[in-house]
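**Student:** return a 3D structure for these sequence lines:
(chains A, B, C and D)
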2 protein chains.
Amino acid sequence: MELRYRGSEQENRALAAYVKLMRAAECVTARVHRHLAAEKLTVSQFGVLEALFHLGPLCQRDLACKLLKSGGNITMVVANLERRELVRRRRDASDRRFYLVELTATGRALIAKLFPRHVAGIASEFGILDATEIRCLQAICRKIGLREEC
Amino acid sequence: MELRYRGSEQENRALAAYVKLMRAAECVTARVHRHLAAEKLTVSQFGVLEALFHLGPLCQRDLACKLLKSGGNITMVVANLERRELVRRRRDASDRRFYLVELTATGRALIAKLFPRHVAGIASEFGILDATEIRCLQAICRKIGLREEC
DNA sequence: GCATGTTAGTTTAATGTTGAACGATTTAGC
DNA sequence: GCTAAATCGTTCAACATTAAACTAACATGC
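**Tutor:** This is a model prediction of the structure:
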């Protein structure tokens, strides 16, 4: 692979780990979210529905933070969900800067149907990992500075 | 987190591993590619330059395969690089369906300057992993079906 | 040679994504 | 109370991304 650049031993090891982590994440995402296509949902739309399902109504800023996306992006994703009547936006009465985004009955039914399927897909991908490997993965994520806030 | 859905022990373990893997990949990507903004390069544009740098001239189909992106996307990314004269497209003489995409002198100079910086960034993120953890990460990626072809 | 099929690349429509500029609203300092 | 700063959301331009429909070039079988 590395025809034009020779780094130190330590650099090469880090690079190999980086590439593997990225590829793994991309491959798993592609496979795990395949069942979303049937419902014409994108990964981001699913992310919004899932966050509302598990955390209750949220303002757009919180959604952006949860999903690690920009504010302008959430405006677009929520607008597309609202157009399909899967979510609804309500102005917060006490602070009119906020919208509260919440699931409609239709949206709740959809995510309630989809989420177990989603988990089953992940389980079939990750289920072959034993407890030791999970612990190792957690340790690695902690070490490379994974922040758990938000 | 999981207020509305209780899976099996095995499902919860898989879900936790999945979330950690995804968050880790997102956080690392964001930090590692921060130095690209200074050169007004996107992650995909950097990916194309890097592939050409290490593998020599490639056709767009091969680029798409390497970067796990669609053909139409590569058309756009390469076009934007070509507009800045960082790459050049040449018709293959023997099979006129192909373009050979290759670096210009400017493009080569840019990626030659950027790549060491890129590796150094990754090394500072992953360098704290020891050999055991790297082995463990590789084993995990293999297990969850990471395909290394392409 | 010609019909058929395959492969490389383009185009289009729809959505996602960001950063920056902007408007509306609330809060803090005075 | 009033100004200044901070916060929430929108809009815009630019680019990314995909799937699907399309064109161009090659390959195969007859």
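
**Student:** quick one, the lengthiest helix in chain A and helix B:9-32 angle?
**Tutor:** Longest helix of chain A, by residue count under DSSP state H: helix A:9-32. In terms of direction (axes from the mean of the first three to the mean of the last three C-alpha atoms, to 10 degrees), helix A:9-32 departs from helix B:9-32 by 130 degrees.

**Student:** whatever helix or strand comes next after helix A:9-32 to helix A:9-32, inter-axis angle?
**Tutor:** Using DSSP states H and E, the next helix or strand after helix A:9-32 towards the C-terminus is helix A:43-55. Calculated by the same axes, to 10 degrees, helix A:43-55 forms an angle of 80 degrees with helix A:9-32.

**Student:** point to the residue nearest the middle of chain A.
**Tutor:** A:G47 (5.3 Å; C-alpha atoms, centre = their mean).

**Student:** who's in contact with that one?
**Tutor:** Residues near A:G47 by C-beta atoms under 8 Å, 6 or more residues apart in numbering or on different chains: A:66-67. (Each C-beta comes from the backbone N, C-alpha and C, glycine too.)

**Student:** about what we covered before: the longest helix of chain A close to DNA strand D?
**Tutor:** No. Counting by C-beta under 7 Å from any atom of the strand, DNA strand D has no neighbours in helix A:9-32; the shortest distance is 8.0 Å.

**Student:** pLDDT averaged over that helix, what's the number?
**Tutor:** Mean pLDDT, computed over helix A:9-32, is 85.

**Student:** for DNA strand C, what are the nearby residues on chain A?
**Tutor:** Counting by C-beta under 7 Å from any atom of the strand, chain A sits next to DNA strand C at A:42-45, A:68-73, A:76-77, A:80, A:95-97.

**Student:** kindly recompute the last result at 10 Å.
**Tutor:** A:40-48, A:64, A:67-81, A:83-84, A:91-98 (C-beta under 10 Å from any atom of the strand).

**Student:** now list the buried members of those residues.
**Tutor:** Buried members of the residues of chain A next to DNA strand C, counted by 16 or more other C-beta atoms under 10 Å in any protein chain shown: A:41, A:44-48, A:64, A:67, A:69, A:74, A:77-78, A:80-81, A:98.

**Student:** closest one to DNA strand D out of the residues you listed, please.
**Tutor:** Within these, distances to DNA strand D taken as C-beta to the nearest atom of the strand reach their minimum at A:F98, with 4.3 Å.

**Student:** just to check, that closest one is in contact with A:R90?
**Tutor:** No. Judged on C-beta atoms under 8 Å, A:F98 makes no contact with A:R90 at a distance of 9.2 Å.

**Student:** isn't A:T106 up against A:E82?
**Tutor:** No. A:T106 lies out of contact with A:E82 (C-beta under 8 Å); the separation is 11.6 Å.

**Student:** who touches both of those two?
**Tutor:** Counting by C-beta under 8 Å, 6+ apart, nothing touches both A:T106 and A:E82.

**Student:** the residues of chain A next to DNA strand C also near DNA strand D: which ones?
**Tutor:** A:42-43, A:64, A:70-79, A:91-92, A:95-98.
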